[in-house]
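[1] I'll drop the sequence and a predicted model, then ask my questions.
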Amino acid sequence: MAAGLSRAKVAFLRSLAEHILSGELELDRLGELSDEEIVAELTAVKGVGVWTAHMFMIFELGRRDVLAVGDLGIRRAAERAYGLPDLPSADELTELAKPWAPHRSAACLLLWHSLQNAPAA
């Protein structure tokens, strides 16, 4: 029976399973690590990028000060909220979000939510 996964996704899931089974990735101890260490641990798995690591930290670990700079929705919402002429780059968003610390995860959630009611540009 097919599960509807592409070959690439199957390879990524296999890589994740191998990392967990070998002990290279210990999911139970990720909460003890710094944000930078979590990103490094997770992105060592093929197919897991910084965006995925940020989502994991926000939604699974409940980290309060994660800025998902690679998220297009957050960048689009920041562009609209601040009346920017273009999408902010990751560096520009990082600079813009400095005053939001230590609550950047909440800011991300508010920005995502703001797009639900925003008119299409």
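    Yep, that arrived.

[2] tell me the domain ranges of this protein?
    In the domain annotation for the chain, the residue ranges read 7-60, 72-116 (automatic domain parsing).

[3] mean confidence for the first one?
    Averaged across domain 7-60, pLDDT comes to 95.

[4] identify the residues contacting residue 57.
    If a contact means Cβ atoms under 8 Å, 6 or more residues apart in numbering, then residue 57 has 35, 38, 63, 66, 105 as its contacts. Any C-beta I mention is one placed from the backbone N, CA and C, and that applies to glycine too.

[5] could you report the distance from it to residue 103?
    Note on residue 57: its distance to residue 103, by Cβ to Cβ, to the nearest Å, is 14 Å.

[6] now for residue 43: which residues touch it?
    Contact analysis of residue 43 by Cβ under 8 Å, 6+ apart lists 49, 50, 53.

[7] pLDDT value on residue 1, please?
    Looking at residue 1, its pLDDT stands at 49.

[8] how about residue 4?
    The model reports residue 4 with a pLDDT of 79.

[9] ok, and the most crowded of the contacts of residue 43?
    Neighbour counts for the contacts of residue 43 (other Cβ atoms under 10 Å) peak at residue 53, which has 23 neighbours.
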